[in-house]
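> sequence unavailable; structure follows:
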């Protein structure tokens, strides 16, 4: 019982896999809708313009393409740390632009409240989930694991 209280229930491989699947599915679906739904795409264009993002003509396609392709790669665990790193760059830019604007609207009352507001952003949670994939890899239930096992076979 004491081990459970201090070390948890175990199942780390399952937790890593579920984290990877959740964040990969989120980005893949988000990117898909931004690429293939005209209304959602226009919302992206309007937001990029409002945030003063440069090269809107390029970024209106690049950002959702990275979300879709990177999210799909993370979802299935194919070059997952690299794909998660690309998504992490996207989410850090989102935090620095749109996130910063939302924090200002929250009107934090002191520094502790400001920290709370930053941690309240969904993008912050996504960043931590992506850091998990970048640092831990895709886990044993992934295409990366299959590829690595084939590469490590004798005679390969």
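Received, thanks. Just so you know, these numbers come straight off a predicted model, no measurement behind them.
> tell me how far residue 70 lies from residue 90.
8 Å (C-beta to C-beta, to the nearest Å). (Glycine included, C-beta is placed from N, CA and C.)
> the closest residue to residue 32 other than its chain neighbours - how many residues pack around it?
What sits nearest to residue 32 in space, not counting adjacent residues and going by C-beta to C-beta, 6 or more residues apart in numbering, is residue 68, at 5.3 Å. Number of residues near residue 68 (other C-beta atoms under 10 Å) recorded here: 20.
> returning to what we had before: show me which of residue 70 and residue 90 is the more surrounded one.
Taking neighbours as other C-beta under 10 Å, residue 70 and residue 90 compare with residue 70 leading, 26 against 20.
> touching, residue 130 and residue 20? I think so.
No. With contact defined as C-beta atoms under 8 Å, residue 130 does not reach residue 20; the gap is 9.6 Å.
> off-centre distance for the biggest helix by length in the chain?
Taking DSSP state H as the criterion, the chain has its longest helix at helix 12-36. Relative to the chain's own centre, helix 12-36 is displaced by 7 Å; criterion: C-alpha atoms, centre = their mean, to the nearest Å.
> if we can go back for a sec, mind listing what's buried in the host helix or strand of the residue nearest to residue 32?
Using DSSP states H and E, residue 68 maps to helix 56-76. By neighbour count on 16 or more other C-beta atoms under 10 Å, the buried set for helix 56-76 is 56, 59-60, 63-64, 66-76.
> do stretch 115-126 as well
So stretch 115-126, judged by 16+ other C-beta under 10 Å, has buried residues 117, 118, 121, 123, 126.
> biggest separation within those residues, which pair?
117 and 126 (16.1 Å; C-beta to C-beta).
> which SS class is residue 140?
With DSSP: H, G, I helix; E, B strand; the rest coil as the basis, residue 140 sits in coil.
> ok, and the closest non-adjacent residue to it?
Closest to residue 140 by C-beta to C-beta, 6+ apart is residue 13, at 5.2 Å.
> OK, contacts around the one you found?
Contact analysis of residue 13 by C-beta atoms under 8 Å, 6 or more residues apart in numbering lists 139, 140, 141.
> the last one is in contact with residue 15, isn't it?
It refers to residue 141. No. Under the criterion of C-beta under 8 Å, residue 141 makes no contact with residue 15, lying 11.3 Å away.
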